[in-house]
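Colleague: can you look at this prediction? I've put the sequence above it.
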Amino acid sequence: MQTIPDVQNLPDNRQIVINKVGIKDLRHPLQIKTRDGVQATVATASMSVRLPEHVKGTHMSRFLQILNEQTEPLSLANFPNLLQNTVERLESQHAYIDLSFPFFIKKQAPISKIDSLLDYEVTLSGSVEDGIVCTRVHMVIPITSLCPCSKKISEYGAHNQRSHVTLDVEINADIELEDIIERVEAQASCELYGLLKRSDEKYVTEKAYDNPKFVEDLVRDIAGELNKEPRILSYRLECENFESIHNHSAYAIIES
């Protein structure tokens, strides 16, 4: 039987390191571990490794094999195992993985108690560099905010808006996605729900009115909660209020 040459493993005489080489924007089914069990989703994956100066190419097919062989539901606790597997299979000291996917939480309406799903944008990012593992979570959390100034100066009513909290955190492995999301939502004028009946709509409207917050209040209050959480090692916190009475957004950032 004729031997098929392994061109990737041929030596390269240009002696230039490639920092990252791999695959990008691959859509792949994924199972995510949640508090309620296992959630099926579709992730957009980017995977790469560092290529030494003496090697011609990496083995692109092995990235897909690693994803195809991932049978255990993925969690923040076992995500480093996927990184370590990539290091070993691609024979590199540095590996990088980004997995972006919609994440759903079942939420109960405050008065009617009707269940519905709310979606969040989540990206798990990880790296291994010379044996040191770093895991980060990037997420977009939608909330409601109500303007304190509008409430103060108006005889009745106040303008409110939907806001996006964009959070990028470096974590320890034992925290759950729901833990982070709940800490953020608790600091909003009111959290969002997928489905509301009239009694629920009355409740969330009045709750936001009783809990007005500027964008500055939101980022400071959320940062205060994140600072209490030892499983969060560092963070970049961004809040954007899509103003209902302006054609621009209010915007604030805090970095730990």
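Modeller: Looks like it arrived, so ask away. Numbering: from 1, shown residues only.
Colleague: where in this structure is pLDDT low?
Modeller: For the chain, the stretches with pLDDT under 70 are 1-2, 173.
Colleague: can you give me the strands in the protein?
Modeller: Under the criterion DSSP state E, the chain contains strands at 18-34, 37-51, 94-108, 115-129, 132-146, 160-171, 190-191, 232-242, 249-255.
Colleague: so which of those is nearest residue 88?
Modeller: strand 94-108 (9.1 Å; Cβ to Cβ). For every residue, glycine as well, the C-beta is placed using N, CA and C.
Colleague: helices and strands around that closest one, which ones?
Modeller: The helices and strands touching strand 94-108, judged by 3 or more Cβ pairs under 8 Å, 6 or more residues apart in numbering; DSSP states H and E, are strand 18-34, strand 37-51, helix 79-89, strand 115-129, helix 177-185.
Colleague: tabulate these (a markdown table), appending distance to residue 60 and mean neighbour count.
Modeller: Output for the helices and strands packed on strand 94-108, formatted as a markdown table (distance: least, Cβ to Cβ, whole Å; neighbours: other Cβ atoms under 10 Å):
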| stretch | distance to residue 60 | mean neighbour count |
| --- | --- | --- |
| strand 18-34 | 6 | 15 |
| strand 37-51 | 10 | 18 |
| helix 79-89 | 12 | 18 |
| strand 115-129 | 19 | 17 |
| helix 177-185 | 30 | 19 |
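Colleague: just put those in JSON lines and tack on distance to residue 212.
Modeller: As requested, the helices and strands packed on strand 94-108 are arranged in JSON lines below (distance: least, Cβ to Cβ, whole Å):
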{"stretch": "strand 18-34", "distance to residue 212": "32"}
{"stretch": "strand 37-51", "distance to residue 212": "34"}
{"stretch": "helix 79-89", "distance to residue 212": "38"}
{"stretch": "strand 115-129", "distance to residue 212": "23"}
{"stretch": "helix 177-185", "distance to residue 212": "16"}
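Colleague: surely residue 250 and residue 243 touch.
Modeller: Yes - contact criterion Cβ atoms under 8 Å: residue 250 and residue 243 qualify, at 6.0 Å.
Colleague: distance of residue 29 from residue 140?
Modeller: Using Cβ to Cβ, to the nearest Å, residue 29 is found at 22 Å from residue 140.
Colleague: what's the answer for residue 188, then?
Modeller: 14 Å.
Colleague: repeat that for residue 17.
Modeller: From residue 17 to residue 140 the distance is 34 Å (Cβ to Cβ).
Colleague: same check, this time on residue 148
Modeller: 24 Å.
Colleague: residue 22 too?
Modeller: To residue 140, residue 22 is 25 Å away according to Cβ to Cβ.
Colleague: rewinding a little: who has more neighbours out of residue 17 and residue 140?
Modeller: residue 140 (15 against 11; other Cβ atoms under 10 Å).
Colleague: mind checking how far the more buried one is from residue 103?
Modeller: Taking Cβ to Cβ, one finds residue 140 at 10 Å from residue 103.
Colleague: okay, and the common contacts of these two?
Modeller: 120, 121 (Cβ atoms under 8 Å, 6 or more residues apart in numbering).
Colleague: okay, buried residues for stretch 146-156 please.
Modeller: 146, 147, 151 (16 or more other Cβ atoms under 10 Å).
Colleague: and which of these is nearest to residue 180?
Modeller: Nearest member of the buried residues of stretch 146-156 to residue 180, counting by Cβ to Cβ, is residue 146, at 23.2 Å.
Colleague: check contacts around the closest one.
Modeller: Contacts of residue 146 (Cβ under 8 Å, 6+ apart): 158, 159, 160, 189, 190, 208, 209, 211, 212, 213.
Colleague: list the contacts of the closest residue to residue 20 other than its chain neighbours.
Modeller: Closest residue to residue 20 apart from its sequence neighbours, by Cβ to Cβ, 6 or more residues apart in numbering: residue 48 at 4.0 Å. Remark: with contacts taken as Cβ under 8 Å, 6+ apart, residue 48 is in contact with 20, 21, 22, 23, 24, 95, 96.
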